[in-house]
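Trainee: what follows is a predicted protein model with its sequence.
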Amino acid sequence: MNYKQNFNIVRQKIQKALLAVGRSVNDVTLIGVTKNVEVDIIRQAVSHGIVDLGENRVQELLSKYEQVEDVRWHMIGRLQRNKVRHIIDKVTMIHSLDNLPLAREINKQAEKIQRVVPVLIQVNPANEKTKAGLPYEEVIPFIETIYNLKYIKVNGLMLIAPLTDEPETVRPYFIMMKQLFDGLKRYNYPHADIQYLSMGMTNDFEIAIEEGSNMVRIGTALFGERKKGEEVNGR
Ligand SMILES: *Cc1c(COP(=O)(O)O)cnc(C)c1O
C-alpha cells in the first residue's frame, strides 16, 4: 500500500471539493482515522503531515497515545461513561456526545483535572435505530440542558451519515446538519463556541465538504480496507 500516495490523493480531493464551492483550501481539518492501523503506519501518516488522529475505542486510543507523539487525538466513537476518566486528559475533542449522563461524567472528570473539554454533539438525522446520536430536533434542547456543565465546551456537531452505495442520497443529511450548525452559531450560547462540523468519511467526504463540513474523518481512503468485523462504531 502506498500511503504517501493515498494521503496526497485525499488531500487533493479535499481541496478540489473546497474550491468547487468557493471555500479556501485550508478550511477543512483532516482527521486520519487509525482504528485497526498499526503504529508504524500511523507514524508514516504523521510524517506526511497528518496531525489529527481519530479512534473509536478507548483501549486502542490509550495504547496509541503512548506510542505516537506530537499528534492530537479525537475520540470519535461511542463512549462509555466508565471509560471517560481514562481519556479525559488525552483527547483534543470528543465527537460523540449524545446523552446527558455522558455529559455529566465528562464534566465531572474534566473538573477533576481543571480542564474545559471540547465536545461535539453527535446527531442522527436519519433516525437510524442502530446508530448513536441525538435526533435532529433534540439537539438544541440538549445543548440548552447542559449549559451549567462548566467543564464542557460545545464546539459543534458530528454526523455519521447512513451507509450507502450511492453517496448522493445522503446529501440531504449534510444540508440539514449545516443548517443546524449555522443556527446554533446565531444563538451565542455562553457554554458553546460553535466552530466544527465534523462530517464526511471515505465514501462521502467530498459531498460533505461541498455542503459545509470543515472536519472530515477518513480511515479507508488513507490506510486501506479494515479487516472484516471492524465496523464503524455507532453506525
Ligand atoms: C471508522 C470511522 C470513520 C472512518 O471511516 P472510513 O469509511 O474508513 O473513512 C469515521 N468516523 C467514525 C466515527 C468511524 O468509526
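Mentor: Ah, there it is. Please read these numbers as outputs of a predicted model, since none were measured by experiment.
Trainee: please make it C-alpha for all contacts and neighbour counts, starting now.
Mentor: Fine.
Trainee: residue 19 reaches residue 25, doesn't it?
Mentor: Yes - Residue 19 is in contact with residue 25 according to C-alpha atoms under 8 Å; the separation is 6.8 Å.
Trainee: show me which residues of the protein are close to the ligand?
Mentor: The interface of the chain toward the ligand, taken as C-alpha under 6 Å from any ligand atom, is made up of 33, 56, 76-77, 201-203, 217-220, 232-233.
Trainee: mark which of these are part of strands, please.
Mentor: 33, 217, 218 (DSSP state E).
Trainee: returning to what we had before: buried among the residues of the chain next to the ligand? Need that as a selection in PyMOL.
Mentor: Only the buried entries of those go into this PyMOL selection, using 16 or more other C-alpha atoms under 10 Å:
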select buried, resi 33+56+76+77+201+203+217+218+219+220
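Trainee: can you redo the residues of the chain next to the ligand as TSV with pLDDT?
Mentor: As requested, the residues of the chain next to the ligand are exported to TSV (pLDDT from 0 to 100):
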residue	pLDDT
33	98
56	96
76	98
77	97
201	98
202	97
203	96
217	98
218	98
219	98
220	97
232	66
233	56
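Trainee: dump the residues of the chain next to the ligand into CSV; add distance to residue 96 as well.
Mentor: Listed next are these as CSV, based on distance: C-alpha to C-alpha, whole Å:
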residue, distance to residue 96
33, 14
56, 9
76, 6
77, 6
201, 15
202, 19
203, 20
217, 13
218, 16
219, 17
220, 20
232, 13
233, 11
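Trainee: closest one to residue 163 out of the residues of the chain next to the ligand, please.
Mentor: residue 203 (8.4 Å; C-alpha to C-alpha).
Trainee: how about the closest one, what does it touch?
Mentor: residue 167 (C-alpha atoms under 8 Å, 6 or more residues apart in numbering).
Trainee: I'd like the numbering to begin with 7 instead of 1 from here.
Mentor: Renumbered: residue one is now 7, and that last one reads residue 209.
Trainee: low pLDDT regions in this structure?
Mentor: Across the chain, the ranges flagged by pLDDT under 70 are 234-241.
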